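> Sequence and predicted structure below; questions after.
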Amino acid sequence: MTATTFRRDVGDGIMTVLNGVIAAHPTLLLRAYRARPSNITTDMPAVFIDNRPEVVTHDSGTRTRLMSPTVVVVRAPGDNAEAMLAMDILVDYLADAFTAQPQFVAGTMWDTYTIADEEYAIGDYLYPAVRFSFGDVTQMDGRT
């Protein structure tokens with residue numbers, strides 16, 4: 001079996017979607033990170049690829065990798081309705097962009113994601129956040 005680049009390729013595919021949203025809506029989303037940044041208190045709202053757990057199964061001729069990546073959008077704190085409306089609009093743009101890209105990598109497919117409001121801790125502060133969780137980015141490889 002040759003070495004695969006599945007994890008890197010999924011990250012590249014997600015970043016392509018995120019950077020496309022930034023290009024189309026540069027005032028709604030300011031920055032995208034390939035991994036959880038150590039500090040994102042500037043350039044918000046920002047988005048990053050978070051955990052990417054996998055389940056790998058084998059049978060006599062196939063290895064199947066099922067990845068469940070998550071993407072987190074974080075915005076500066078504020079209770080005002082205008083900030084929440086901007087976040088809702090951004091989440092809708094991201095949902096549309098992800099829906100338009102059912103394959104992050106050629107030869108893979110995903111069909112389900114969830115969107116959850118949450119808080120993201122930076123230092124002693126909690127920032128409003130939204131998490132996109134993809135349940136089933138799947139790749140199958142031949143196995144000898």
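Arrived safely, thanks for sending.
> what about the one helix or strand Val73 maps to, average pLDDT?
Assigned by DSSP states H and E, Val73 falls within strand 70-74. Averaging pLDDT along strand 70-74 yields 96.
> Give me the below-cutoff pLDDT ranges for the chain.
1-2, 79, 144 (pLDDT under 70).
> thinking Asp136 is in contact with Asp111, fair?
Yes. Asp136 lies in contact with Asp111 (C-beta atoms under 8 Å); the separation is 6.4 Å. All C-beta atoms are positioned from the backbone trio N, CA, C, and that covers glycine.
> Look at these two and report which has more neighbours.
Higher neighbour count among Asp136 and Asp111: Asp136, with 14 against 10, using other C-beta atoms under 10 Å.
> so what's the more buried one up against?
By C-beta atoms under 8 Å, 6 or more residues apart in numbering, the contact list for Asp136 reads Leu66, Ser68, Trp110, Asp111, Thr112.
> For ChimeraX, write the select line for the buried members of these.
This is how ChimeraX selects the buried members of these, with burial counted by 16 or more other C-beta atoms under 10 Å:
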select :66,68,110
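> Return the closest of the contacts of Asp136 with respect to Thr27.
The shortest approach to Thr27 among the contacts of Asp136 belongs to Trp110, at 28.6 Å (C-beta to C-beta).
> Now do the same contact list for the closest one.
Neighbours of Trp110 in contact, by C-beta under 8 Å, 6+ apart: Pro102, Gln103, Phe104, Phe134, Gly135, Asp136, Val137, Thr138.
> Including secondary structure and distance to Asp117, could those go into a markdown table?
Formatted as a markdown table, these follow (DSSP: H, G, I helix; E, B strand; the rest coil; distance: C-beta to C-beta, whole Å):
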| residue | secondary structure | distance to Asp117 |
| --- | --- | --- |
| Pro102 | coil | 24 |
| Gln103 | coil | 27 |
| Phe104 | coil | 24 |
| Phe134 | strand | 17 |
| Gly135 | coil | 18 |
| Asp136 | coil | 22 |
| Val137 | strand | 23 |
| Thr138 | strand | 27 |
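> Weed out the non-buried ones from these.
Phe104, Phe134, Val137, Thr138.
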